[in-house]
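Asker: Need a 3D model of the sequence below.
(one chain, ligands or ions: 1)
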Amino acid sequence: MTVVQMRNIVKRYKSHVALDHIDLDIAEGEIVGLLGPNGAGKTTLIHTLCGLQPFDSGTIQCFGRDLKTNLLDIKKQIGLVTQDITIFEDLTASENLAFFGGIYGLKGAELQKQIQETLEFVGLQDQARRLPTKFSGGMRRRLNIAAALTHRPKLLIMDEPTVGIDPQSRSYILNSIRELKQQGTTVLYTTHYMEEVQAIASRVVIIDQGHVIAEGTVNELIEKIQHEEKIKIEVGDPTEELLDQLKQLNDVKHVSLEGHVIHLISQAGSGHLDRVLSLAKNAGGVRSVSSDKPTLEDVFLTLTGRHLRDEKEDE
Ligand SMILES: Nc1ncnc2c1ncn2[C@@H]1O[C@H](COP(=O)(O)OP(=O)(O)OP(=O)(O)O)[C@@H](O)[C@H]1O
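Answerer: Here you go, the predicted structure:
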């Protein structure tokens, strides 16, 4: 069954077009990774799909029904994990879930059962009576996810659910998403962490400037750029002049700088390594060099010209 079918969606903020004729299909039980550089339109797409934001034209069907005319019924089947944490600080973990479950009409024994099960699912069963103010960042993120799960949604939409958490909580969350998939939940997931997408997504959709620019499984997307090779070279003094010289080499598609490391993507078989090395020698000396097979990160870089994660986000 098709859970989501977006057709020709246009969303404008005044004169700025945030979604520009977007088509998106999500089948039941898929985990779809939605990727895009900052400002690509991911949050707008998610909010539009949840009925939180009106759109200008196009159609959205969820579970086979038109979103606009069945909004309330459809919303009951969607869980949204927002980018910012939306739990109440002065309610205990279990009271938070009682509030969110209550919004969806759960009550009495059924509500208590769902709260208990959801807390167990996110590993917070021993924290039921504690306030989130006492929680670590990872525990708060897990409670934020639990709040979107208490009513057992069929479609779970997660907007960067793992920002700023420790590796243990991250892996807990990723495993929980896999388990939800086993249980038949459909998941749409945005993140700035490529390794998460590689670990859990059955399909990846890349958007940029409000357009879908590529989609497929991780392997399908990588195959698209198999005809490319990448060179990573660390130099002592990466000057603008060197970057310009590299950009002028034949068949070079992308040159970027991250700290002292230069990333260069060119047509496979262009034999640039010797030339790159000799140019780089004049830039404070070569500290290290590698030439690797393409990854999903390279697909993203080739298609959007940008890294998935801004350098400032890693500081
Ligand atoms: N309420 C708003 N009013 C005006 N412009 C907006 C509004 N919300 C978003 N935009 C603009 O629309 C574009 C898409 O924004 P959106 O937040 O959907 O991108 P994103 O892909 O989620 O970005 P990020 O990865 O930084 O969260 C951006 O250019 C943004 O500045």
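Asker: Can you point out the buried residues in stretch 244-263?
Answerer: Neighbour-count burial for stretch 244-263, counted by 16 or more other Cβ atoms under 10 Å, picks out 245-246, 252-255, 257, 262-263. The C-beta positions use only the backbone N, C-alpha and C, and glycine is treated the same way.
Asker: ah, wrong one, I meant stretch 203-222
Answerer: Neighbour-count burial for stretch 203-222 flags 203-208, 210-212, 214-215, 218, 221-222 (criterion: 16+ other Cβ under 10 Å).
Asker: Do a quick rundown of the helices in the stretch 51-200 of the chain.
Answerer: Using DSSP state H, counting those that start in this stretch, the helices of the stretch 51-200 of the chain run over 71-75, 93-103, 108-121, 137-149, 167-182, 194-200.
Asker: How many neighbouring residues does the closest residue to G123 other than its chain neighbours have?
Answerer: Excluding the flanking residues, the one nearest G123 by Cβ to Cβ, 6 or more residues apart in numbering is Y172, at 6.0 Å. By the criterion of other Cβ atoms under 10 Å, Y172 has 19 neighbours.
Asker: quick one: Y172 from the ligand, how far?
Answerer: 23 Å (Cβ to the nearest ligand atom, to the nearest Å).
Asker: Next up, the contacts around that residue.
Answerer: By Cβ atoms under 8 Å, 6 or more residues apart in numbering, the contact set of Y172 is 122-123, 138, 142.
Asker: Nearest to E297, out of the helices of the stretch 51-200 of the chain?
Answerer: helix 194-200 (4.8 Å; Cβ to Cβ).
Asker: which other residues reach the helix or strand following the closest one?
Answerer: Downstream of helix 194-200, the next assigned helix or strand under DSSP states H and E is strand 203-208. By Cβ under 8 Å, 6+ apart, the residues outside strand 203-208 that reach it are 22, 24, 30-37, 40-42, 45, 197, 212-218, 221, 296, 299-300, 303-304.
Asker: Mind checking which of those residues are in helices?
Answerer: Judged by DSSP state H, helices contain the following of these: 42, 45, 197, 218, 221, 296, 299-300, 303-304.
Asker: Would you map out the domains in the chain?
Answerer: The record's domain parsing of the chain by the TED database lists 2-222, 228-293.
Asker: end-to-end on the longest one?
Answerer: By Cα to Cα, to the nearest Å, the extent of domain 2-222 from end to end equals 26 Å.
Asker: packing partners for the helix or strand containing S266?
Answerer: Following DSSP H and E, one finds S266 within strand 261-267. If contacts are counted by 3 or more Cβ pairs under 8 Å, 6 or more residues apart in numbering; DSSP states H and E, strand 261-267 sits against strand 228-235, helix 240-247, strand 252-258, helix 296-304.
Asker: Adding distance to the ligand and mean pLDDT, write those out as TSV.
Answerer: Below are the helices and strands packed on strand 261-267 laid out as TSV (distance: least, Cβ to the nearest ligand atom, whole Å; pLDDT from 0 to 100):
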stretch	distance to the ligand	mean pLDDT
strand 228-235	24	87
helix 240-247	26	90
strand 252-258	18	88
helix 296-304	11	81
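Asker: Pull up the residues of the stretch 51-200 of the chain that are close to the ligand.
Answerer: Within the stretch 51-200 of the chain, no position lies close to the ligand (Cβ under 6 Å from any ligand atom).
Asker: and the direction of the helix or strand of the chain with the lowest mean pLDDT versus that of strand 228-235, what angle?
Answerer: Within the chain, confidence by mean pLDDT, DSSP states H and E is lowest for helix 296-304 among all helices and strands, at a mean of 81. Per axes from the mean of the first three to the mean of the last three Cα atoms, to 10 degrees, the angle that helix 296-304 makes with strand 228-235 is 100 degrees.
Asker: Alright, calling it a day.
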